[in-house]
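Visitor: this one's structure only:
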């Protein structure tokens, strides 16, 4: 394997990790606040549709992005209403959100655009183009380091850089701000937070809305950055891989980035390895596809390390009377 | 009056689901109206498509068969306080057991194949439920996360098995060999001509049997009592002397086995071969069915019929009203899950208050009667 193949695989890794990372960080906020979210997939799918639909109609990538975020935020608000205000079952709320997104996106897509659920293909103005970082072309000739800079680091779209920027921001917010401290506290012991005179409900809503914002970016990545238009079920279970990554990373931002890169790498590998032999054995592509899920189950079962989620996760908070 | 009294039983099992369902229909109706179509015409098309004639009704019953199985799978787990979200994976992977048996015994008459295929489907589907149950019972991993992951693992295994192992040479489509006609389950249309040649088959009777079986198990056996005790209060259940981990493992196995019966319906009843993605999210419909049917077999029967009708009606809808697609049914289903499952708190307190108004009058008498007895 020469450098070019390695670089292009790693390049694909970064591209494939981006939506996972955005969704994973999204889930991190709400789960750290004690709201389990298995509806990441649905929010991304809804956002992908909203972004593509508006970008196709207005021919503006920014309006598309805003629409994607708005759709995802309103989905989050709905989920928050069910899981926080009405104290409903958070898991069932997530299932409902996923199903609602899958149904509505296809239903509205067929009705509005009459292309079997696809949105019209976007023009260059309707999607995020790749950004060439300064001097990328100039150093492309420099062996190894120059190639890494120009091929691997440069030449991605804006949302890719945003996703990786969100990691240190999330770390800072979570561990170095008052809001982050409260957020973590409300997921571990909401009663203590309540006793300190801080509103549990408000904190959880804030967390869920941040989740919505990040899922909006993740969804927009699918339809108006990586792709050029929405296709049926285009998130294809990535929301659940992000959920797996969140557990695998033990609900921490920096490990979340590495886990998403690992899962993205597995994805890139499985695309590259289609029908090729390694050491004379054909590795089934499906085995690599299933690996993130199997790894997560194994980790969750405590066979390699132990993943313990926020203590108050999944339990609606009610003050005692 | 700070505490609200619980609702009367009939309101809990009948009125509340009906209000929630009506709300789901109204919201979907608003969506249909908003995109410029006539919601009433859509409803008419769905109802006609589901019940219009024997042909339509046959397909409704075929869908209902699957939904009874997945609804029961969710309900059985729910009684023990577990949320089995892995019905899809369990129903999918069970197809492996069913097809192996069906192909091995295809020269024999179907009534010999049928019981063995059921056992094989139950065994494989049950195993796919047992492992998450075991992981929860012994290793403390959350059954919801594990079953979600297992859905994807099952999908990967099935693609590999069908494409690389079961697909006969010379066949292009990813599917197994066909089962010989002797080994196929008869369709109900062969006995009741009204159903014509629709997909509803003898597996429907198995589904009805499972409904009765689950009823007996949950309410009339020791084990059923133990699992309900676990569902209500795990600590109390331990003190009562049951082994919670044993119950969790058995319940998850049963749940997976029930979901696995979808494979029997699909493989030996309808497709006569193993194809990819035949479950088509029936596992998730099961969640709606169990919620709507209040985890009771009678409720599940009606809820499965309702969703069977919606699915069949939705298929017809797109031919009657161009532009409206069958995904509208998925929207209705999602709203039912949202309203009955996650937003229950929206109506229950209001309804309780409403009933409280009418129940007020006899209330002061009750303590008086007790006091009278003492004097």
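Guide: The structure has been received and is ready for your questions. Quick caveat: nothing in here was measured; it's all calculated off a predicted structure.
Visitor: Now the element after the longest helix along chain A, going C-ward?
Guide: Determined from DSSP state H, the single longest helix within chain A is helix A:3-32. Once the chain leaves helix A:3-32, the next helix or strand it forms, by DSSP states H and E, is helix A:40-58.
Visitor: tilt between the helix or strand that that following helix is followed by and helix A:40-58?
Guide: Once helix A:40-58 ends, the next helix or strand along the chain (criterion: DSSP H and E) is helix A:61-80. Using axes from the mean of the first three to the mean of the last three CA atoms, to 10 degrees, the inter-axis angle of helix A:61-80 relative to helix A:40-58 is 150 degrees.
Visitor: helices or strands up against helix A:61-80?
Guide: Counting contacts by 3 or more CB pairs under 8 Å, 6 or more residues apart in numbering or on different chains; DSSP states H and E, helix A:61-80 packs against helix A:40-58, helix A:90-113, helix A:200-220. Backbone N, C-alpha and C define where each C-beta goes, glycine included.
Visitor: now it against helix A:90-113, angle please.
Guide: With the same axes, to 10 degrees applied, the angle from helix A:61-80 to helix A:90-113 works out at 140 degrees.
Visitor: I'd like the average pLDDT over the longest helix of chain A.
Guide: For helix A:3-32, the mean pLDDT works out to 92.
Visitor: can you check stretch B:160-173 too?
Guide: 87.
Visitor: Residue B:349: how many residues sit nearby?
Guide: Residue B:349: 12 surrounding residues under other CB atoms under 10 Å in any protein chain shown.
Visitor: centre of the chain versus the helix or strand containing it, how much separation?
Guide: Here residue B:349, judged by DSSP H and E, is contained in helix B:348-359. For helix B:348-359, the distance from its own C-alpha centre to the chain's C-alpha centre is 31 Å (CA atoms, centre = their mean, to the nearest Å).
Visitor: what does stretch A:43-50 give?
Guide: Put simply, stretch A:43-50 sits 11 Å off its chain's centre (CA atoms, centre = their mean).
Visitor: Contacts for it next, please.
Guide: For stretch A:43-50, the external contacting residues (CB atoms under 8 Å, 6 or more residues apart in numbering or on different chains) are A:19, A:23, A:26, A:67-72, A:75-76, A:79, A:97-98, A:100-102, A:104-105, A:108-109, A:119, A:211-212, A:215-220, A:222-223, A:230, A:233-235, A:238-239.
Visitor: Determine which of the helices and strands packed on helix A:61-80 approaches residue B:297 most closely.
Guide: With CB to CB, the closest approach to residue B:297 among those belongs to helix A:90-113: 20.6 Å.
Visitor: Could you list every helix and strand in contact with the helix or strand following that closest one?
Guide: Next helix or strand after helix A:90-113 toward the C-terminus (DSSP H and E): strand A:130-131. Under the contact criterion of 3+ CB pairs under 8 Å, 6+ apart, strand A:130-131 touches strand A:156-157.
Visitor: List the contacts of stretch A:190-200.
Guide: Against stretch A:190-200 from outside (CB under 8 Å, 6+ apart): A:34, A:182, A:185, A:186, A:203, A:312, A:317, A:319.
Visitor: quick one: contacts for the residue in chain B positioned nearest to chain A?
Guide: Nearest to chain A in chain B, going by CB to the nearest CB, is residue B:330, at a distance of 3.1 Å. With contacts defined as CB under 8 Å, 6+ apart, the neighbours of residue B:330 are A:99, A:102, A:103, A:106, A:107.
Visitor: The third one and residue A:120, how far apart?
Guide: By that I understand residue A:103. Going from residue A:103 to residue A:120 by CB to CB, to the nearest Å gives 21 Å.
Visitor: Which one of these two is surrounded by more residues?
Guide: Set residue A:103 next to residue A:120 and count neighbours by other CB under 10 Å: residue A:103 wins out with 24 against 18.
Visitor: Please name the residues that touch the more buried one.
Guide: Applying CB under 8 Å, 6+ apart to residue A:103 gives the contacts B:327, B:328, B:329, B:330, B:331, B:333, B:334.
Visitor: pLDDT score for the spatially closest residue to it that is not a sequence neighbour?
Guide: Leaving aside its sequence neighbours, residue A:103 sits nearest to residue B:330 (CB to CB, 6 or more residues apart in numbering or on different chains; 3.1 Å). As predicted, residue B:330 sits at a pLDDT of 90.
Visitor: my guess is residue B:330 is in a helix, correct?
Guide: Yes: the assignment for residue B:330 is a helix, going by DSSP: H, G, I helix; E, B strand; the rest coil.
Visitor: ok, it to residue B:247 distance?
Guide: Distance, residue B:330 to residue B:247, using CB to CB: 34 Å.
Visitor: swap in residue A:72?
Guide: Residue A:72 is 40 Å from residue B:247, by CB to CB.
Visitor: With neighbour numbers in mind, choose between these two.
Guide: Higher neighbour count among residue A:72 and residue B:247: residue A:72, with 33 against 24, using other CB under 10 Å.
Visitor: ok, the more buried one touching residue A:212?
Guide: Yes: the criterion here is CB atoms under 8 Å, and residue A:72 meets it with residue A:212 at 4.7 Å.
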